[in-house]
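**Student:** here is a sequence with its predicted model. Questions after.
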Amino acid sequence: MASNRTWQATGYELPKKQKTQGSNKDNSKSEVKLLVVDDEPRLCHSLKELLELQGYQCEIAIGGVAAIQALQHTQYDLILLDLNMPEVDGHKVMQFIKNRHLQSDVIIISGETSFEEASWALQQGAHDFLRKPYGNGELLHSVKRVLQKRQLKAENNRMQKWLADSERRYRFLVNNSPDIIYMLDEKGCFSFINNRISYLLGYSNDDLLGKHYAEVVHPHDLDKAHLTFDEHRIEPNTTSNIEFRIIKKGANRLSDNLLESQLVTVELNAIGVYENQDEAHNKQFIGTYGVIRDISERKKAEAIINHQLYHDVLTSLPNRILFRDRLDNAISQAKRNSKMLAVMYLDLDGFKIVNDSLGHMIGDELLQAVAQRLRLSLREGDTLARVGGDEFNLLLPEINRREDAAVIAHKIINNLKQSFEIDGNEVFIGLSIGIALYPNDGEEIDMLIKNADMAMYHIKGRGKNGYEFFSNNMLGRISRHNSLENGLHKALEENQFILMFQPQQAVDTGKIIGVESLIRWQHPEEGLISPIDFISLAEETGQITDIGEWVLRTACAEYSRWRNQGISGIKIAVNLSAAQLYRADFVPTVLDILAENQMPGRLLELEITENSLVQDIEHVVEKLRQLAEHGIRVAVDDFGTGYSSLCYLQSLPLNTLKIDGSFINTIKSSDDKHSIISAIVTMAKDMELSVIAEGVETETQLEYLRSIGCPQAQGYLLSYPLSADNTLKLLSKAQMH
Ligand code: C2E
Ligand code: CA
Ligand code: CA
């Protein structure tokens, strides 16, 4: 659009001109603003008209003063400036433009001008010089040329600025990238690296520029690094996400033991860089470009997750999954090397009692302590895993002989013999170990574990705390074990239990001084089952407390029947499982049963195994004290097989020691010096305890016991366990003599 503004020094405006019709202006021209400066108004107007016809926006200033006023208000692209003007001439206007750093271009128009003047104007920054009189064509051409040049310059400036901005943006992005961005030259030396490197690895850019990458890569990872950094390919097949370790600044890369803290694990990708990339034949490899990402945090997280996936939280031992994995590997290895390996199934004896009596917290601590101690017995390469509550699996990956496994099992059991000190409690725990060997007992994971488990069950059934190798004839017994477990549920309500009684006699007179009640299970299909085969099962399932109560009630009722028949002067002994002792209502139940049968407490002797006595001392002592208060006697059963010492037992309110049959069994001749047995007898007498030798089978043994002054005995030699009726007959007969 044409402008109608005229600048005059006097401040008055020239009359408005008619809008130029039909001008051939175009958009770019109409955006361009021109100022015509001359002291000759007529000339100004005619010039303006000419220019507006061409589509330019044009203003005029009459004289130098008006020109300066105009320049103070408006920015012009081009000024057509007359040099010779009164007062303020063209030179001064030029000076003004220069001093104010105005971005206007100038074409000088002048009449009588010297060459000096023209060159001065050009030096001052004028873009062209027209001498009056000039032709219109000449003028327009000059205007056009200057404006074109100006536009080009503006474009160029814009481009420069854009480039600078964009460069700044990229530099910002590159330097603030969370990753290291690098470029290597064709020899593998760093030619660019962003600032991130100093944050992650401590190097400054200068430390690395020109250096070969091998100087910062962990020596063990160099192969991987070569593969990656020497990448010649371009996308999309390039190497990506290769992991290796980079050495931080200050660490000696040649040292053999680089510390974790001196390394950063990174993931790297790389793309080949080419000159003339687009020309298939002519392109030339100039290096590699890529991104290095610090993944140490991710690695740590992965390690933790991995650990949790494959380890038991409580003990930090490997879990079942990891065990199976290691076993799988070990089997392959053993197969290749034609070697044996051993799988052990370990199960704590009496852990349930610890848990029930001392609480789960102590139970957990005990498991941790056991795990810790079990580890002591192992070699590097062995895998110990926790696979259930109190169950562990052990893998010995390479053994030469069966005995090697036995030695380890023996060592483990021995190590556990010493009590654990947990939260001020002295806790004893036994262990049953079943062992299966590759390849004899199985060639696959499941078979080996299953057979070790079976062997473990077998040892459990036979008195616990020991180890046993798997053998094929266990298979039948285990299936029996499973069917027994099912049948045990119904045995009580269907009255399948019966009691037998085994007399206990005075060694010197042969007089019967008591009977021990022994349970049997009259199984509808299996026939009579020994307690050895179902008591530990009942202890595991918890049914033992009901069964035990039944035994106590039945034994006392039977005994009361005998008393009604005139039997007197003997005691009745009843076996007790630890779990019964720990029940809160144990003592009241015993008292109720005694009351039901009008039986004085002193006629009842409860047999408790050594090991149940050493767990949770305070609790046990309190129960024993309550029993003693009512005259109820307590015998230590199987004495000598457990962990207690006579000294310890001295502090408990006890009445009788029952020396385990395994000791009596060692007596082969009556003049042997069996110092253990005689020592027990002597010390027991000092402690005013009564002593019974169990499992007496031969005259020799009885003779020996007599010779060392053991007061009482029980065993097949004297009598097998008898039915209630037969016991009554025996007692009646004895009473008569
Ligand atoms: P125990 O208390 O040590 O009982 C003695 C065991 O030795 C009995 O086996 C008995 O029959 C056996 N025995 C007796 N004299 C001889 C002998 O001269 N030689 C040999 N080799 N053995 C002899 P039984 O009746 O099979 O009982 C085994 C175990 O079962 C008992 O050992 C006891 O720990 C447990 N038990 C039996 N009845 C009960 C019960 O009512 N409750 C609980 N909790 N356990 C019981
Ligand atoms: Ca007993
Ligand atoms: Ca016994």
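**Tutor:** Yep, it's here. Ligands and ions are numbered 1, 2, ... in the order given.

**Student:** in the stretch 201-350 of the chain, which spans are helices?
**Tutor:** Along the stretch 201-350 of the chain, counting by DSSP state H, counting those that start in this stretch, helices occupy 205-208, 222-229, 296-310, 320-337.

**Student:** what packs against the second one?
**Tutor:** For helix 222-229, the contact count by 3 or more CB pairs under 8 Å, 6 or more residues apart in numbering; DSSP states H and E identifies strand 242-247, strand 263-275 as packing neighbours. Any C-beta I mention is one placed from the backbone N, CA and C, and that applies to glycine too.

**Student:** so for the first one, what gets flagged as buried?
**Tutor:** Of the residues in strand 242-247, those with enough neighbours to count as buried (16 or more other CB atoms under 10 Å) are I242, F244, R245, I246, I247.

**Student:** ok and it relative to helix 296-310, angle-wise?
**Tutor:** Angle of strand 242-247 versus helix 296-310, following axes from the mean of the first three to the mean of the last three CA atoms, to 10 degrees, is 120 degrees.

**Student:** send me strand 242-247 as CSV with only the CA atoms.
**Tutor:** Output in CSV follows, covering the C-alpha atoms of strand 242-247 (Å, rounded to 0.1, in the frame of the first residue of the first chain):
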residue,chain,number,x,y,z
ILE,A,242,26.5,-54.1,23.8
GLU,A,243,27.5,-54.1,27.5
PHE,A,244,31.0,-53.6,28.8
ARG,A,245,32.8,-51.8,31.5
ILE,A,246,34.6,-48.5,31.2
ILE,A,247,37.3,-47.4,33.6
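
**Student:** what's the distance between that strand and the middle of its chain?
**Tutor:** 23 Å (CA atoms, centre = their mean, to the nearest Å).

**Student:** let's have the helices of the stretch 201-350 of the chain in TSV, adding mean pLDDT and mean neighbour count.
**Tutor:** Output for those, formatted as TSV (pLDDT from 0 to 100; neighbours: other CB atoms under 10 Å):
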stretch	mean pLDDT	mean neighbour count
helix 205-208	88	16
helix 222-229	82	17
helix 296-310	85	12
helix 320-337	94	16
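
**Student:** neighbours of the residue of the stretch 201-350 of the chain found nearest ligand 2, how many?
**Tutor:** Ligand 2 sits closest to G350 of the stretch 201-350 of the chain, with a gap of 17.0 Å, by CB to the ion. For G350, the count of nearby residues is 25 (other CB atoms under 10 Å).

**Student:** what does the one 5 residues further on give?
**Tutor:** Neighbourhood size, N355 [other CB under 10 Å]: 18.

**Student:** host element of the residue lying closest to it once chain neighbours are set aside?
**Tutor:** Leaving aside its sequence neighbours, N355 sits nearest to G363 (CB to CB, 6 or more residues apart in numbering; 3.9 Å). Per DSSP states H and E, G363 falls inside helix 360-376.

**Student:** after that helix comes which helix or strand?
**Tutor:** strand 383-388.

**Student:** what angle sits between that following strand and helix 360-376?
**Tutor:** Using the same axes, to 10 degrees: strand 383-388 against helix 360-376 is 160 degrees.

**Student:** whichever helix or strand comes after strand 383-388 versus strand 383-388: what angle between them?
**Tutor:** Heading C-terminal from strand 383-388, the first helix or strand you meet, by DSSP H and E, is strand 391-399. Strand 391-399 runs at 160 degrees relative to strand 383-388, counting by the same axes, to 10 degrees.

**Student:** strand partners of strand 391-399, parallel vs antiparallel please.
**Tutor:** Strand partners for strand 391-399, identified by DSSP bridges, are recorded as strand 340-349 (antiparallel), strand 383-388 (antiparallel).

**Student:** rewinding a little: burial measure for the residue nearest to N355, as a count.
**Tutor:** Other residues close to G363 by other CB under 10 Å number 22.

**Student:** just the CA atoms of stretch 483-501, as PDB, please.
**Tutor:** Extracted in PDB, the C-alpha atoms of stretch 483-501 (Å, rounded to 0.1, in the frame of the first residue of the first chain):
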ATOM      1  CA  SER A 483      -1.100 -94.500  53.100                       C
ATOM      2  CA  LEU A 484      -0.500 -94.400  56.900                       C
ATOM      3  CA  GLU A 485      -0.700 -90.600  56.900                       C
ATOM      4  CA  ASN A 486      -4.200 -90.900  55.400                       C
ATOM      5  CA  GLY A 487      -5.300 -93.600  57.800                       C
ATOM      6  CA  LEU A 488      -4.000 -91.800  60.900                       C
ATOM      7  CA  HIS A 489      -6.800 -89.300  60.700                       C
ATOM      8  CA  LYS A 490      -9.400 -91.900  61.300                       C
ATOM      9  CA  ALA A 491      -7.500 -94.100  63.700                       C
ATOM     10  CA  LEU A 492      -8.600 -92.400  66.900                       C
ATOM     11  CA  GLU A 493     -12.300 -92.100  66.200                       C
ATOM     12  CA  GLU A 494     -12.400 -95.600  64.900                       C
ATOM     13  CA  ASN A 495     -10.700 -97.000  68.000                       C
ATOM     14  CA  GLN A 496      -7.800 -98.500  66.100                       C
ATOM     15  CA  PHE A 497      -5.100 -97.800  68.800                       C
ATOM     16  CA  ILE A 498      -4.300-100.300  71.500                       C
ATOM     17  CA  LEU A 499      -2.000-100.200  74.500                       C
ATOM     18  CA  MET A 500       0.600-102.800  75.400                       C
ATOM     19  CA  PHE A 501       2.400-102.800  78.700                       C
END
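
**Student:** got the buried residues for that stretch?
**Tutor:** Buried-residue list, stretch 483-501, by 16+ other CB under 10 Å: L484, G487, L488, A491, Q496, F497, L499, M500, F501.

**Student:** ok, stretch 516-536 next?
**Tutor:** Neighbour counts over stretch 516-536 (16+ other CB under 10 Å) mark 516-521, 523, 529, 531, 533-536 as buried.

**Student:** from those residues, which two are the most distant?
**Tutor:** E516 and H523 (22.3 Å; CB to CB).

**Student:** do you know how far H410 is from ligand 3?
**Tutor:** Distance of H410 to ligand 3, given as CB to the ion, to the nearest Å: 24 Å.

**Student:** how close does that residue sit to L689?
**Tutor:** Note on H410: its distance to L689, by CB to CB, to the nearest Å, is 32 Å.
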